[in-house]
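1. sequence and predicted model, in that order:
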Amino acid sequence: MKYIEKLLNGAEVQWMPLGEVFETRNGYTPSKANNDFWTNGDIPWFRMEDIRESGRLLNDSIQHITPQAIKGKGLFRANSIIMATTATIGEHALLLVDALANQQFTNFQIRKSLSERISPMFAFYYFFVLGEWCKSNVNTSSFPSVDMARLMKQLFPIPPLAVQEEIVRILDKFTTLEAELEAELDCRKRQYEYYRNQLLSLDVINRERKLDYVESVPLGKIGEIRMCKRILKEQTKDSGDIPFYKIGTFGKTPNSYISKELFKEYKLKYNYPKIGEVLISASGTIGKAVIFDGEDAYFQDSNIVWIENDESMFLNKYLFYCYQIAKWKIAEGGTIQRLYNDNLKKTMIPVPYFGDNKKSLAEQQRIVSILDKFETLTTSISEGLPKEIELRRKQYEYYRNQLLSFA
């Protein structure tokens, strides 16, 4: 027996077309040319950015409008739902205040005749089901949008109010737990950044901690700059044996490949990173660092480089953490930011006990050990808080599906 059947305990569920349950209205954007609509506004006006920034229970917005911007039937009412029916289709939120939203959203207000029979939070949770339906029923024209006529014919379940409230209570527990874990993760990330700055920021080391055993050393003294051999466009394919990472896919999923034969030839003849060396982006997102894991891959010359350093003097993992807060000497001008080799060599890195390899390595390792613990706790998907959050999210989605599967 399904859990929802136990919860219903024989009670009936009434099904009604969505159009008979909700009144709908479209969002809109007041004219940006009219300052009277925006200046000193205090009425929330929601966009998709607000959901990304604040979550799905909305009580304030990034941008606000004035009463002069309101037209037609007035504001969307508190306890109504907005759902994206164009662009990012199916994303939705519950309004906790009277507000408006842009044209990406459709507003769903429970009809007055049903307001005593339907919990707004129950409706909010059921819109996860409706959102999935919307994603699978899109009008594929020049601009994707939901087939609203079909959507409004979809059936909406109305179980007894006591059952709705119990479903909300259970699902609220999961969302509260996830929110607590997210808050804990945010706290740990800020703690991690604080300790990383205390240990590696040259400003903190020189001005606040005044550690005379730490020396600022240019990367040019730490090792030689290396890069892979240039790969020509005609040497790449959309699929193949060896991933070829360009600046746009560095640290992400590759979309270009080279042949295994070319890879073997170039790896043997030209510079190629060793396992553990730290690859650095030298254009676009300057200073993005990825530790090379040894998997067969090739990297775009000039845009992705690495320092070939002696690990008996400088630990790769120590450099990796230094790169995260390094003050890169970026070349001015041009449409794309670049980190040229001469500037890269001038980038300063804090080195403890420079010149005393034994003491320096011991201190580098101590710092790496501290930061590794924070790194695992805050970023690992196999350990730490991200794994815990992912597990709780899957558990929540499982129970949400179980509790909302009335058919």
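-> Perfect, thanks for sending it.

2. helix, strand, or coil at the residue nearest to residue 111 when sequence neighbours are not counted?
-> Among residues not flanking residue 111 along the chain, residue 23 sits closest, at 5.8 Å (C-beta to C-beta, 6 or more residues apart in numbering). No exception for glycine: its C-beta is placed from N, CA and C like everyone else's. Three-state call for residue 23 (DSSP: H, G, I helix; E, B strand; the rest coil): strand.

3. across the sheet, point out what pairs with residue 23.
-> Beta-bridge partners recorded for residue 23 (DSSP bridges): residue 109.

4. give the burial count for it, as a bare number.
-> Using other C-beta atoms under 10 Å, residue 23 has 14 neighbouring residues.

5. from residue 81, how far off is it?
-> 11 Å (C-beta to C-beta, to the nearest Å).

6. same deal with residue 183?
-> For residue 183 relative to residue 81 (C-beta to C-beta), the value is 25 Å.

7. quick one, which of these two is more surrounded?
-> residue 81 (24 against 10).

8. pretty sure that one contacts residue 108?
-> Yes - contact criterion C-beta atoms under 8 Å: residue 81 and residue 108 qualify, at 4.5 Å.

9. which secondary structure elements does the helix or strand hosting residue 372 contact?
-> If you go by DSSP states H and E, residue 372 is part of helix 357-379. The elements that helix 357-379 packs onto, with contact taken as 3 or more C-beta pairs under 8 Å, 6 or more residues apart in numbering; DSSP states H and E, are helix 161-200, helix 316-323, strand 348-352, helix 384-403.

10. report the helix or strand with the lowest average pLDDT across the chain.
-> Least confident helix or strand of the chain, by mean pLDDT, DSSP states H and E, is helix 202-203 with a mean of 75.

11. ok, the closest residue to residue 284 other than its chain neighbours - how many residues close by?
-> Setting aside the residues directly before and after it, residue 284 is nearest to residue 247 in space (C-beta to C-beta, 6+ apart), at 4.7 Å. Residue 247 has 17 neighbours, counted by other C-beta under 10 Å.

12. ok but residue 247 is inside a strand, no?
-> No - using three-state DSSP, the secondary structure at residue 247 is coil, not a strand.

13. ok, now which ones touch it?
-> 281, 283, 284, 300, 303, 304 (C-beta atoms under 8 Å, 6 or more residues apart in numbering).

14. now these in CSV, with pLDDT?
-> Formatted as CSV, these follow (pLDDT from 0 to 100):
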residue, pLDDT
281, 94
283, 90
284, 84
300, 94
303, 93
304, 96
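
15. where does the stretch 201-350 of the chain have low pLDDT?
-> 206-210, 332-335 (pLDDT under 70).

16. and the helices in this protein, which stretches?
-> Ranges of helices within the chain are 3-8, 18-21, 48-54, 120-135, 148-151, 161-200, 202-203, 219-222, 260-269, 316-323, 341-346, 357-379, 384-403, based on DSSP state H.
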